[in-house]
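Student: sequence and predicted structure, then a few things I'm wondering about:
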Amino acid sequence: MSRIEHYTAEFVESFPTPMQPGILYVSTSYSTAGHICPCGCGCEVVTKLSPVRWKVTFDGEVSLWPSVAATGLPCNSHYFITRGGIDWHRKLDVGEMVEVRAADQRAVEAQRTPAPPAPSRWWTRLWRWSDRSGR
Ligand SMILES: [Zn+2]
């Protein structure tokens, strides 16, 4: 398989098996995007779409942001998909890969942790009012 130079978006319910090279599949049902690694290794790359992970934008051409560091793949590719094109970046070294994974994990954990409940002024006021009226 040769390098992929360009991606087009395809909005799907779930990803086909196998995925076709040059297509960035976007599953709105599962909030994931999937594509074949552009380096030519043929591996499938699945990215979770969320405020702390990846986002897909489509303005006639598809973009995936931030960069994909395929740390789980043998090719270790690192690239952006910007308006359909591949923007290659230098491969990460082992230390950076560990850091990328840790940062990703922290971001996910931060999103999961529920914010402490904010005291509701409305509720406090109502409670005080009913307390007073009860006397
Ligand atoms: Zn690859």
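Tutor: Done, it's in.
Student: only C-alpha atoms for contact and neighbour calcs from this point on.
Tutor: Fine.
Student: what does this protein have sitting close to the ion?
Tutor: Contacts of the chain with the ion, taken as C-alpha under 5 Å from the ion, map to 37, 39, 41, 75.
Student: and the second one, what does it touch?
Tutor: Read it as residue 39. For residue 39, the contacting residues are 2-4, 75, 77, by C-alpha atoms under 8 Å, 6 or more residues apart in numbering.
Student: hmm, back to that, list only those of the residues of the chain next to the ion flagged as buried.
Tutor: Neighbour-count burial (16 or more other C-alpha atoms under 10 Å) applied to the residues of the chain next to the ion gives 37, 39, 41.
Student: of those residues, which is the nearest to residue 55?
Tutor: Checking these against residue 55 by C-alpha to C-alpha gives residue 37 as the nearest, at 17.1 Å.
Student: ok, that closest one touching residue 43?
Tutor: Yes - with contact defined as C-alpha atoms under 8 Å, residue 37 reaches residue 43; the gap is 5.5 Å.
Student: how about the strands in this structure?
Tutor: Taking DSSP state E as the criterion, the chain carries its strands at 8-12, 23-27, 32-36, 44-48, 55-58, 62-69, 78-82, 85-88.
Student: tally of neighbours for residue 16?
Tutor: Per other C-alpha atoms under 10 Å, the neighbour tally for residue 16 reads 10.
Student: pLDDT weak spots in this protein?
Tutor: Applying pLDDT under 70 to the chain flags residues 113-135.
Student: now the residue most central in space within it, which residues is it bridged with?
Tutor: Nearest to the mean C-alpha position of the chain, counting by C-alpha atoms, centre = their mean, stands residue 54 at 2.2 Å. Following DSSP bridges, residue 54 is listed with bridge partners residue 49.
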